[in-house]
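>>> Sequence first, then the predicted structure:
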Amino acid sequence: METEKHRDDQPEKSLIRQLGLFDSSMMMMGIVIGSGIFVTTGLIAQALPSASLILLCWLVGGVLTLAGASIYAELGVAMPEAGGQYVYLREAYGPLPAFLFGWLMILVYVSGSIAALAVAFAEYCTYFIPCISADNLLFSATIGTGKISIPLSVSTIQIMALAMILLLSAVNYLGVVFGKLVQNIFTVIKIGCILLFIGLGFTIGKTIPIDLSLNPANLSFSQLVIGFGVALVAVSWTFDGWTNVNFICGEIKNPKRNLPLALVLGTLIVTIIYMLVNIIYLSAMPLSEMAGDVTIAESAAKAMFGNAAIALFSGAVLISIFGALNGNIFTGARVVYKMGEDKYFFKRAGDLHPKYKTPAFAIVIQTVWACVLTLSGSFEQLMTYVIVGAMLFWIAAAASVFTLRKKYPDLPRPYKTWGYPVTPIIFIVANAGILINTFVANPLEPIMGILIILSGIPVFYYWNKKRKKE
């Protein structure tokens with residue numbers, strides 16, 4: 001690796017550094033604050049029926065994310081290229097681990113997130129447009145006969161989701177300036193709406209006392225530990241997306257300053273927002289009613305402000321999801337682009353549009369596959385499987401800090417991980433503990449996630465062979 005290629009004054013290929021600190025921060029927070037915060041607390045309450053432990057779980061999730069942000073800030077300023085984690089894994093461990101990360105991103109993680117957010121957006125549209133419904137089928141058929149038959153159907157929700165994916169993909173295809181404008185506007189509005197919800201909840205909302213006793217359900221110690229671990233997986237999913245800003249590091253102005261600030265400040269702001277939102281939830285409803293409620297935010301708003309609040313809240317959720325969807329489309333394509341540039345994927349994916357200077361073909365690939373997942377409906381189960389795989393790569397990237405410091409000691413590091421080496425060790429050990437707990441609680445999901453990652457090995461050798469021939 002040539003250190004010169006990572007200098008700020010030498011732009012990577014033809015990518016233009018046109019994202020400032022505000023743009024980068026809005027991208028980071030806009031992706032992280034999607035639909036998760038409006039859903040997961042009800043699921044967490046089911047696994048961990050303790051208000052004090054729920055709040056502690058969110059705080060631990062924020063601290064772990066902050067530790068990860070500090071690690072990724074060092075990696076990003078040392079190698080300010082498009083692709084983020086793909087690049088760090090490539091330089092630390094070689095092309096195969098990097099490809100497997102990219103494979104997971106393309107096959108399920110980013111594309112599945114895009115599909116999930118688009119469908120969630122369409123589902124919330126149902127409140128305003130009743131004809132958009134999973135029960136309103138535009139097409140239904142069965143392929144095959146006898147024991148081997150596959151039912152196919154297309155609902156108005158899927159059509160609406162496809163429309164959102166195509167619309168925002170087109171926006172990002174036409175230029176970075178359009179993608180960042182959409183992101184900035186919708187992230188500012190979404191944060192404003194959430195802060196308004198918090199403010200009204202604390203001032204005029206109907207509240208109940210929060211029971212902060214540690215173990216009101218009298219669970220055993222092992223049940224509390226397993227429940228806390230399961231809850232941390234849900235919290236990690238809700239914080240997920242903070243690494244995506246590293247994908248666009250090749251387009252951030254002055255990355256040695258702006259990337260660390262976007263990561264660290266963004267994480268702090270999101271953590272504070274998440275803590276306050278959860279206090280509002282706990283003030284609105286008893287734990288027994290929260291447990292298993294996947295529309296916890298809507299239920300809390302209704303309990304605090306009455307039925308009139310549901311429409312306003314549904315509109316706020318739509319805005320939040322729309323911004324997160326745009327951010328995932330914007331950043332995810334940069335991983336595809338970097339793999340194409342390295343010739344470990346379709347070569348055209350590594351080209352930039354001659355006029356718009358965007359990874360146009362990479363965006364097209366990402367869009368097509370996200371649409372396929374949306375129509376198939378398979379993204380929900382796949383996303384459940386691959387959260388464990390994503391955590392494995394978080395651990396590998398954190399460990400790469402040690403490897404890269406030894407492998408490239410002279411690489412410029414204008415920002416270094418705070419608390420090194422303790423911070424990376426804590427991040428690695430904590431995420432490893434969460435993974436072990438996941439294996440104990442539900443071994444099928446992590447095993448399936450690992451199998452999805454391993455399925456990329458023969459694909460890697462195909463592209464590697466083709467790369468050598470070229």
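Right, received. Where do you want to start?

>>> for the closest residue in space to Tyr127 that isn't next to it in sequence, what are its contacts?
Leaving aside its sequence neighbours, Tyr127 sits nearest to Ser314 (C-beta to C-beta, 6 or more residues apart in numbering; 4.5 Å). Quick note: C-beta positions are derived from backbone N, CA and C, even for glycine. Applying C-beta atoms under 8 Å, 6 or more residues apart in numbering to Ser314 gives the contacts Tyr124, Tyr127, Phe128, Glu298.

>>> per-residue confidence at Ser132?
You called it Ser, but residue 132 is Ile. Here the pLDDT value assigned to Ile132 is 84.

>>> burial measure for it, as a count.
20 (other C-beta atoms under 10 Å).

>>> With Leu56 instead?
Neighbour count of Leu56, defined by other C-beta under 10 Å: 15.

>>> Okay, it and Ser236: tell me how far apart.
From Leu56 across to Ser236, the span is 15 Å (C-beta to C-beta, to the nearest Å).

>>> ok so, going back, and the helix or strand that contains the residue nearest to Tyr127, how far out from the chain's middle?
Counting by DSSP states H and E, the element that carries Ser314 is helix 308-341. Chain-centre distance of helix 308-341: 9 Å, with C-alpha atoms, centre = their mean, to the nearest Å.

>>> One more: stretch 342-360?
23 Å.

>>> Stretch 415-433 too?
20 Å.

>>> how about it: buried residues?
Residues of stretch 415-433 classed as buried by neighbour count (16 or more other C-beta atoms under 10 Å): Tyr415, Thr417, Trp418, Thr423, Pro424, Phe427, Ile428, Ala430, Asn431.

>>> Looking at those, spot the one nearest Ile157.
Distance to Ile157 across those (C-beta to C-beta) is lowest for Asn431, with 34.3 Å.

>>> Could you list which residues are in contact with the closest one?
Asn431 makes contact with Leu64, Ser236, Met391, Trp394, Ile395, Ala398, according to C-beta under 8 Å, 6+ apart.

>>> how about those, which pair is most distant?
Ser236 and Ala398 (13.7 Å).

>>> Would you confirm that Val108 contacts Leu382?
Yes: the pair Val108 / Leu382 is scored as a contact, 4.6 Å apart, by C-beta atoms under 8 Å.

>>> any common contacting residues for those two?
Residues touching both Val108 and Leu382 (C-beta under 8 Å, 6+ apart): Ile452.

>>> who has more neighbours, these two?
Neighbours were counted for Val108 and for Leu382 using other C-beta under 10 Å; Val108 has more, 26 against 20.

>>> Just the pLDDT for that one.
At Val108, pLDDT is 88.

>>> Would you check how far apart it and Met383 are?
Distance, Val108 to Met383, using C-beta to C-beta: 7 Å.

>>> And for Gln18?
Gln18 is 31 Å from Met383, by C-beta to C-beta.
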